[in-house]
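# Sequence below, structure please.
(one chain, ligands or ions: 2)
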Amino acid sequence: MDTSATFSSDQHKHELRLAARAARKNLTAPVRESQMQATSAHIAEWLRANAEFKAFTAVLPYSSEPPLLPFLQEMHAEGFRILVPVTEPDRRMSFVEWTPGVAMERSPVAPIDEPVGERLDFTEMGRVDVMLIPAQLIDTSGGRMGQGGGYYDRFLEKVRSLPSPPKLYAVVFDHELVAPGMFPVEAFDQRVDGVFTSAGLTRFDR
Ligand SMILES: Nc1nc2c(c(=O)[nH]1)N(C=O)[C@@H](CNc1ccc(C(=O)N[C@@H](CCC(=O)O)C(=O)O)cc1)CN2
Ligand SMILES: Nc1ncnc2c1ncn2[C@@H]1O[C@H](COP(=O)(O)OP(=O)(O)OP(=O)(O)O)[C@@H](O)[C@H]1O
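Ligands and ions are numbered 1, 2, ... in the order given. Here you go, the predicted model:
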């Protein structure tokens, strides 16, 4: 087996991830806030119009991730059920219901506080309207570059096997929606169905 291609792709992706992280950190606070206020309004509008289960997944932002906590609080107040990931061994994850007051515990593998509660597997995704998926970059064919752990790739593979999977929509800053070819998309990479930015929802043909 020729492993050199794999290595160079890994190396390339590592460098792209560092660059994407640096670009995120360089956004000023007003830009971060105003983009995510606009983005949040689009997601909220989509949920109010389309949610059958009134349930969705999201992430609790850490570091320079999109600041969506006010949005999550607002949706919770409107009666939406919100599930967030909890890291499990072997780069797997399950989901736990998040409420504003829930007890939190630091993940053993990531600098992320996660809610304590019943751990739900991928079958629970049959009862959510949309998974809001974190990403560093999304291309306009739905390719996704995440944090590099493969957590979402593993999970989404199973979610897609459900009889009626939820919508899979990423949430990124505006400059993180890029043309195809800007980062490598591999066989195991799960594409998303669309992406929310401050411009609204962009859906990808599949
Ligand atoms: N908010 C949020 N929660 C999430 C994700 C995410 O992208 N965002 N994940 C999406 O998959 C999963 C966890 N992702 C992880 C992210 C970072 C590391 C980690 O090891 N971080 C170290 C080292 C980073 C590095 O090696 O470059 C660190 O940040 O110090 C582990 C898991 C589930 N929960
Ligand atoms: N379905 C899968 N089963 C087993 N391993 C997988 C699967 N999907 C991805 N991987 C492995 O996970 C590693 C990381 O994948 P990738 O670089 O695409 O992560 P990512 O999507 O950016 O990360 P994340 O989903 O955690 O944000 C890869 O080396 C890949 O081999």
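# Who are the contact partners of the closest residue to Ala110 other than its chain neighbours?
Nearest residue to Ala110 in three dimensions, chain neighbours excluded: Thr87, at 5.7 Å (C-beta to C-beta, 6 or more residues apart in numbering). Placement of C-beta: from N, CA and C, glycine included. By C-beta atoms under 8 Å, 6 or more residues apart in numbering, the contact list for Thr87 reads 93, 107-110, 112, 114, 151.
# which residues in this protein form helices?
Using DSSP state H, the helices of the chain run over residues 4-26, 29-50, 69-77, 151-159.
# Can you give me the buried ones in stretch 41-60?
By 16 or more other C-beta atoms under 10 Å, the buried positions in stretch 41-60 come out as 42-43, 46-47, 51, 55-60.
# for stretch 15-35, same thing?
16-17, 20, 24, 27, 32, 35.
# which stretches of the protein have low pLDDT?
1-7, 206 (pLDDT under 70).
# The same query, at a cut-off of 90, please.
Within the chain, the stretches falling below the threshold (pLDDT under 90) are 1-11, 205-206.
# ok, Val195 to Ser8 distance?
27 Å (C-beta to C-beta, to the nearest Å).
# Can I get stretch 105-118 in CSV, CA atoms only?
The C-alpha coordinates for stretch 105-118 follow below in CSV (Å, rounded to 0.1, in the frame of the first residue of the first chain):
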residue,chain,number,x,y,z
GLU,A,105,-18.3,17.9,33.6
ARG,A,106,-15.0,18.4,31.7
SER,A,107,-14.4,15.9,28.8
PRO,A,108,-11.4,13.6,29.5
VAL,A,109,-10.1,14.2,26.0
ALA,A,110,-11.1,17.7,24.9
PRO,A,111,-11.1,21.1,26.6
ILE,A,112,-14.9,21.0,26.5
ASP,A,113,-17.4,21.0,29.4
GLU,A,114,-20.2,18.5,28.7
PRO,A,115,-23.6,18.1,30.3
VAL,A,116,-24.1,15.2,32.8
GLY,A,117,-27.2,13.0,32.0
GLU,A,118,-28.6,10.1,30.0
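# hmm, that stretch touching ligand 1?
Yes: residues of stretch 105-118 contacting ligand 1 under C-beta under 6 Å from any ligand atom: 109-112.
# List, one by one, the residues from this structure near ligand 2.
When proximity is defined by C-beta under 6 Å from any ligand atom, the chain lies next to ligand 2 at 13, 145-154, 157, 188-189.
# which one among the residues of stretch 105-118 next to ligand 1 gets closest to ligand 2?
Nearest to ligand 2 out of those is Ala110 (C-beta to the nearest ligand atom; 9.4 Å).
# which strand residues sit across from Gly200 in the sheet?
On the basis of DSSP bridges, Gly200 is bridged to Thr197.
# same thing with Met145?
Leu137.
# got a list of what it touches?
The neighbours of Met145, taking C-beta under 8 Å, 6+ apart as the test, are 13, 16-17, 20, 135-138, 183.
# so which of those comes closest to Leu72?
Looking at these and their distance to Leu72, the nearest is Ala135, at 17.5 Å (C-beta to C-beta).
# Check the gap between Ala49 and ligand 1 for me.
Distance of Ala49 to ligand 1, given as C-beta to the nearest ligand atom, to the nearest Å: 26 Å.
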